[in-house]
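Requesting a structural model of the entry that follows:
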Amino acid sequence: MVGGVGVLVEDMTNVIYVVRSSPHVRTNNVSRKRGHIMATRKIPNTDKLPAISVRQPYTSMIMFMLKDIEFRSWNSKYRGPMLIHASNSLPADHIARVEYDIGCSQGNLEMYFKGCYVGIADIIDVIVYNEEDKELELKREFAFLIGNVVPFEDVIPGKGAANLFYPTDEDWKKLKPTVDKALATLKKMNEENAEV
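Model prediction:
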């Protein structure tokens, strides 16, 4: 949980998700109502959920709620449920950084699922770092804040892509029944969180 007070938001796809207030969030895609940040969301002309590809072990850390921020060099106006894809890519510099940062060896990294969809996560906002944040020494300027997550019971093989992407039609046919079930679970979780 990212913190702050929960607000229920129901979007045009009838998915309710919780948006929390945060004093340091600077985004262009929010409306303020009673002191809370309410994310707005553009609905594309598709029934597909957007996806983001994340390298292991960070994909699994998101699904186990050990990581609630995902840094990127690009921004997105999208807020709401998003598919999490485990990237196939494990370049040498990534392996070295992961081993140094969190002590996960190359042998351990190779045991993680890759090249598949692992669940959905609520993207509740994006923090935009600016010049005054230089002391953080971040190479990536945008922090995607992750709310509730719903891991799939079984991973679903599929193709990833750079940036925010939509699954191929072939992948979406495999994903749709599992996504519908996960969205229902996410809706229930967010309703329960808003009551607290």
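
Check what pLDDT His36 gets.
pLDDT recorded at His36 is 35.

Same check on Leu175?
On the pLDDT scale, Leu175 gets 96.

Could you check the strand or helix carrying it and say which residues are buried?
For Leu175, the host element (DSSP states H and E) is helix 169-195. Neighbour-count burial for helix 169-195, counted by 16 or more other C-beta atoms under 10 Å, picks out 171-172, 175, 178-179, 182-183, 186-187, 189-190, 193-194. C-betas here are computed from N, CA, C, even on glycine.

Would you format the residues you listed as CSV with distance to Tyr129 included?
Output for those, formatted as CSV (distance: C-beta to C-beta, whole Å):
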residue, distance to Tyr129
Asp171, 32
Trp172, 33
Leu175, 32
Thr178, 34
Val179, 31
Ala182, 31
Leu183, 31
Leu186, 28
Lys187, 31
Met189, 29
Asn190, 27
Asn193, 27
Ala194, 29
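
Can you tell me which of the residues you listed lies closest to Glu153?
Thr178 (7.7 Å; C-beta to C-beta).

Report the contact partners of the nearest residue to the closest one once chain neighbours are set aside.
In this structure, Thr178 finds its nearest non-sequential neighbour in Phe152, 5.4 Å apart by C-beta to C-beta, 6 or more residues apart in numbering. Contacts here follow C-beta atoms under 8 Å, 6 or more residues apart in numbering; on that basis Phe152 touches Tyr117, Val118, Gly119, Thr178, Ala182.

Provide the secondary structure category for Phe152.
Using DSSP: H, G, I helix; E, B strand; the rest coil, the structure places Phe152 in strand.

what about it, distance to Ser87?
16 Å (C-beta to C-beta, to the nearest Å).

now swap in Phe142 and tell me
Distance from Phe142 to Ser87, by C-beta to C-beta: 18 Å.

Also Leu109?
Here the distance between Leu109 and Ser87 works out to 12 Å (C-beta to C-beta).

next one: Ala162
Counting by C-beta to C-beta, the gap from Ala162 to Ser87 is 10 Å.

coming back round to it: with the contacts of Phe152 in mind, which one is nearest to His94?
For the contacts of Phe152, the residue nearest His94 by C-beta to C-beta is Val118; the value is 17.7 Å.

just so I have it, where are all the strands in this protein?
With DSSP state E, the ranges of strands along the chain come out as 6-10, 16-20, 30-33, 36-39, 51-54, 69-72, 80-86, 116-128, 142-157, 164-165.

now the second one: mean pLDDT?
What that stands for is strand 16-20. Mean pLDDT, strand 16-20: 37.

again, but for stretch 93-113
Per-residue scores along stretch 93-113 average to 85.

now it, how far from the chain's geometric center?
Taking C-alpha atoms, centre = their mean, to the nearest Å, the mean C-alpha location of stretch 93-113 is offset from the chain mean by 21 Å.
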